[in-house]
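1. Sequence first, predicted coordinates after that:
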Amino acid sequence: MQPELRAAIVHVAESGRVLMLAWMDEEAERRTRETGEAWFWSRSRGELWHKGETSGNTLAVEELRDDCDGDALLLRVRANGPACHTGSVSCFAPWLWRTVAERAKERPQGSYVASLLDDGVAACARKVGEEGVEAAVAALGESDERLVSELADLWFHSYVLLAARGLDPSAVEAELKRRVRN
């Protein structure tokens, strides 16, 4: 029998970035409060799990708050590594990044991402350069559809380059936010 569960929204204490949504029962909440690390209830496995138990990507809980109705929790955390099982910082990362991160982590046979990564950072960087030139050429004299296609290639290969360097798109997002002028 499944225990009574409450939604647990997990976000970074410093920035407020949402990392994941998980579920907690009374025991998970008790262990979280006692240990200072996040515990959840796995609905798929039907058991408690300590976040990071197998991956090492733990969540140090700075604050645990109930919502106004008492049916949800907010965990303000310091993450020790990616929160998502795909290797992405956040489970709410763009779908393309989650796919690239997962393939970088798993390296499935026949994967284009894995083959690019196996060729190294320099090869990934060259692909970004090629795709950037192709996007610029398309913008200057080809159809809108061709430009969109080339920009899709550029974005994809940019994500692969980030993965090759062990970076997450959130670093690029943070840099762009830093540059915003009021």
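-> Received it, and whenever you're ready, just let me know what you need. Numbering: from 1, shown residues only.

2. pLDDT value on the residue lying farthest from the centre of the chain, please?
-> Within the chain, Gly141 marks the point farthest from the mean C-alpha position, 36.2 Å out by Cα atoms, centre = their mean. At Gly141, the pLDDT value in this model is 96.

3. what does the helix or strand bottoming out on mean pLDDT in the chain contact?
-> The helix or strand of the chain with the poorest confidence is helix 169-179; it has a mean of 91 (mean pLDDT, DSSP states H and E). Residues from elsewhere that reach helix 169-179, judged by Cβ atoms under 8 Å, 6 or more residues apart in numbering: Arg17, Val89, Ser90, Ala93, Pro94, Trp97, Tyr159, Leu162. In short, each C-beta sits where N, CA and C put it, glycine included.

4. Stretch 140-151 now?
-> With Cβ under 8 Å, 6+ apart as the test, stretch 140-151 has contacts from Glu131, Glu134, Ala135, Val137, Ala138, Ala139.

5. Might you report the residue contacts of Ala13?
-> Ala13 touches Glu62, Glu63, Arg76, Val77, Arg78, counting by Cβ under 8 Å, 6+ apart.

6. For stretch 73-85, list every residue counted as buried.
-> By neighbour count on 16 or more other Cβ atoms under 10 Å, the buried set for stretch 73-85 is Leu73, Leu75, Arg76, Val77, Ala79, Pro82, Ala83, Cys84.

7. Identify, from those residues, the entry nearest to Lys127.
-> Pro82 (23.9 Å; Cβ to Cβ).

8. Hmm, that closest one is touching Leu59, no?
-> No - applying Cβ atoms under 8 Å, one finds Pro82 not in contact with Leu59, separated by 10.8 Å.

9. that older thread, the contacts of helix 169-179 in helices, which ones?
-> If you go by DSSP state H, the contacts of helix 169-179 have Trp97, Tyr159, Leu162 in helices.
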